[in-house]
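*Asks:* Sequence and predicted model, in that order:
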Amino acid sequence: AEAEAEAAAAAVRRAAEAPVENRVLAAEIAAADAHAQSRLAEMQSRCAEATSRAAEMELLAASSAGEAEAALAHASEAAAECAEARVAFTALAAQLAGAEGERDIMAVAADEARAAAA
């Protein structure tokens with residue numbers, strides 16, 4: 001009977017301690033949950049920042065691509081103008097060479113005329 005009384009007393013003590021342990025566990029769970037919620041909010045904030053930065057980078061890349069296309073078009077126009085200038089220069093060089101040839105012919109003719117007149 002004495003053993004049964006001790007077992008019953010131990011059971012009563014455990015039953016009395018159980019609500020305390022449950023409250024401690026509940027407080028630990030609540031603290032862990034609050035910490036987890038805080039970390040989740042922090043991660044969501046970081047994710048939002050990273051998404052925003054990615055969107056900015058995409059805009060910048062698109063803008064840079066547009067600027068690169070415009071620069072390429074400008075360079076292409078400049079190359080076309082340069083080709084036109086080369087053609088015009090070649091034509092002028094040909095005219096100059098023709099004029100120099102004519103001048104040489106005229107100089108020879110003038111020399112011949114002077115020689116004939118003398």
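*Replies:* Yep, it's here.
*Asks:* Just give me the residue right at the centre of the protein.
*Replies:* For the chain, the residue nearest the mean C-alpha position is Ala61 (4.2 Å; Cα atoms, centre = their mean).
*Asks:* Please identify the helix or strand for it.
*Replies:* Per DSSP states H and E: Ala61 is located in helix 2-117.
*Asks:* now for that helix, which elements pack on it?
*Replies:* For helix 2-117, not one helix or strand is in contact under the criterion 3 or more Cβ pairs under 8 Å, 6 or more residues apart in numbering; DSSP states H and E. (C-beta placed from N, C-alpha, C; glycine too.)
*Asks:* Report the mean confidence score over that helix.
*Replies:* Taken as a whole, helix 2-117 has a mean pLDDT of 86.
*Asks:* Figure out how far it is from the centre of its chain.
*Replies:* 0 Å (Cα atoms, centre = their mean, to the nearest Å).
*Asks:* what do you get for stretch 109-118?
*Replies:* 78 Å.
*Asks:* in that stretch, what's buried?
*Replies:* For stretch 109-118, burial by neighbour count (16 or more other Cβ atoms under 10 Å) applies to no residue.
*Asks:* same question, stretch 90-106
*Replies:* By neighbour count with 16+ other Cβ under 10 Å, stretch 90-106 contains no buried residues.
*Asks:* got the CA coordinates for it in PDB?
*Replies:* C-alpha atoms of stretch 90-106 as PDB (Å, rounded to 0.1, in the frame of the first residue of the first chain):
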ATOM      1  CA  THR A  90      38.500  59.200-106.200                       C
ATOM      2  CA  ALA A  91      36.500  61.200-108.800                       C
ATOM      3  CA  LEU A  92      38.300  64.400-107.800                       C
ATOM      4  CA  ALA A  93      41.600  62.700-108.000                       C
ATOM      5  CA  ALA A  94      40.700  61.400-111.500                       C
ATOM      6  CA  GLN A  95      39.700  64.900-112.500                       C
ATOM      7  CA  LEU A  96      43.000  66.300-111.100                       C
ATOM      8  CA  ALA A  97      45.000  63.700-112.900                       C
ATOM      9  CA  GLY A  98      43.100  64.500-116.200                       C
ATOM     10  CA  ALA A  99      43.700  68.300-115.600                       C
ATOM     11  CA  GLU A 100      47.400  67.600-115.000                       C
ATOM     12  CA  GLY A 101      47.600  65.500-118.100                       C
ATOM     13  CA  GLU A 102      45.900  68.300-120.200                       C
ATOM     14  CA  ARG A 103      48.300  70.800-118.700                       C
ATOM     15  CA  ASP A 104      51.200  68.700-119.700                       C
ATOM     16  CA  ILE A 105      49.800  68.300-123.200                       C
ATOM     17  CA  MET A 106      49.200  72.100-123.400                       C
END
